[in-house]
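Chemist: need a 3D model of the following:
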Amino acid sequence: MLQETETTEKILLLDDYHVGFRTDGGLAKAVDGVSFGLERGTTLAIVGESGSGKTVLNRGIMGLLSSNIIERGSVKFQGEELVNTDRQKFWGKKMAMIFQDPMTSLNPVMKVGKQVSEPLRLHQGMSKKEARKRTVELFTLVGIPEPAKRFDEYPHQLSGGMRQRVMISIALAIEPDLLIADEPTTSLDVTVQKYILDLLVDIQAESEMAMIIITHDLGVARGRADEIMVMYGGRVMEHAPAETLFTNMAHPYTAALLSSIPKINDPKHTRLTPIEGFPPDIIEGPIGCKFAARCEYAQKLCLEESPAMTDNGSHLFACHYPVGTDAGNEALETNRKQGHTASGLQIKSKEKVI
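Modeler: Down below sits the predicted model:
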């Protein structure tokens, strides 16, 4: 649990937040005791593989989950408790979300300009003419060419990058205090990805809104986030200022995520470094650390006892054998000598070039 000393500065504050889904097999714990605070004008990147709980967490904040959920803990937005309440009063006014796939998020039979201008008329009381003018301004801001012409086009007439820019325009139209971007560039090419991510950061800096970027790629978070929170199996593995996390990461899962990113200066035919194994069952999860079955550092203690969150000031991590510590180095060396971890994971050769 995070210790917040000045909650008044936090636009968003989560304390031991849980989200579970009722299923025939039992309760699926998608979010398991997440705590963090987010200040106005700052960006938090939430990083993890598919199934880590990052999207469910943020849909929970927005109140966009199905009716078969059980949520507990606390989520406060601008000091107001959201858990087990209707969040719709904040939609279109103070909170906005950019979804992964704009083709499924946009209405295919409505012109894109109208999809942006309608919230302006509904929530800000603009006339039709005023809303159209503001929409064209937003299209210009996000880099849509010939914005007046695009106003009257349908989603299928636009490229993936243009559709995502429309989604950003919809989110920015209400001038939100909190913007959540859920994998906003997943389906886009690298050049467009960089443009859109940098655009979001620039707009966030100018507007002083708080922003959460959800991604599976630590490279996306680097240079764009003030803080990074790494999730796995519904839990927070590590949370630190971005610079600290990249220079002094403590959790083996964070290190594994970073190692899995291809390096631009790697030799030709360099093998990728996958994270062996599969994410944990969120219905009947492990007793100990959720990452133990896939962790090269794992010892018997990791299988038997879930690690508490260590708080080193602004750097938090949940690990019995942190990376770079004497205990961590000894655990890794022991496993390498015997060729496997306490969970039975085989330690493979570090040779990368084929």
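
Chemist: pLDDT below threshold where in this structure?
Modeler: For the chain, the stretches with pLDDT under 70 are 1-8, 187, 349-354.

Chemist: does residue 306 touch residue 287 like I think?
Modeler: Yes. Assessed by CB atoms under 8 Å, residue 306 is found in contact with residue 287 at 7.2 Å. For the C-beta atoms, the positions are set from N, CA and C on the backbone; glycine is no exception.

Chemist: quick one: which of the two has more around it?
Modeler: Ranked by neighbour count (other CB atoms under 10 Å), residue 306 and residue 287 place residue 306 first, with 16 against 10.

Chemist: let me see the contact set for the more buried one.
Modeler: Shown in contact with residue 306 (CB atoms under 8 Å, 6 or more residues apart in numbering): 287-290, 318.

Chemist: among those residues, who's most crowded?
Modeler: Most neighbours among these, by other CB under 10 Å: residue 289, with 31 neighbours.

Chemist: how near is that one to residue 168?
Modeler: Here the criterion is CB to CB, to the nearest Å. By it, residue 289 lies 38 Å from residue 168.

Chemist: again, but for residue 223
Modeler: Counting by CB to CB, the gap from residue 223 to residue 168 is 19 Å.

Chemist: compare those two (neighbour count), which wins?
Modeler: residue 168 (27 against 12).

Chemist: so what's the more buried one closest to, chain neighbours aside?
Modeler: residue 142 (5.1 Å; CB to CB, 6 or more residues apart in numbering).

Chemist: in this structure the one you found contacts residue 202, no?
Modeler: No. Applying CB under 8 Å as the test, residue 142 and residue 202 come out as separate, 10.5 Å apart.

Chemist: ok, the two, which is more surrounded?
Modeler: residue 142 (21 against 11).

Chemist: buried set for the helix ranked longest in the chain?
Modeler: What stands out as the longest helix in the chain, according to DSSP state H, is helix 190-207. By neighbour count on 16 or more other CB atoms under 10 Å, the buried set for helix 190-207 is 192-193, 195-197, 199-201, 203-204, 207.

Chemist: residue 174: which of the residues you listed is nearest?
Modeler: Closest to residue 174 out of those is residue 207 (11.4 Å), distances taken as CB to CB.

Chemist: in stretch 60-70, what's buried?
Modeler: Those buried within stretch 60-70 under the rule 16+ other CB under 10 Å are 60-65, 69.

Chemist: want to try JSON lines for those, with distance to residue 28 and secondary structure as columns?
Modeler: Listed next are the buried residues of stretch 60-70 as JSON lines, based on distance: CB to CB, whole Å; DSSP: H, G, I helix; E, B strand; the rest coil:
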{"residue": "60", "distance to residue 28": "13", "secondary structure": "helix"}
{"residue": "61", "distance to residue 28": "18", "secondary structure": "helix"}
{"residue": "62", "distance to residue 28": "19", "secondary structure": "helix"}
{"residue": "63", "distance to residue 28": "19", "secondary structure": "coil"}
{"residue": "64", "distance to residue 28": "17", "secondary structure": "coil"}
{"residue": "65", "distance to residue 28": "12", "secondary structure": "coil"}
{"residue": "69", "distance to residue 28": "10", "secondary structure": "strand"}
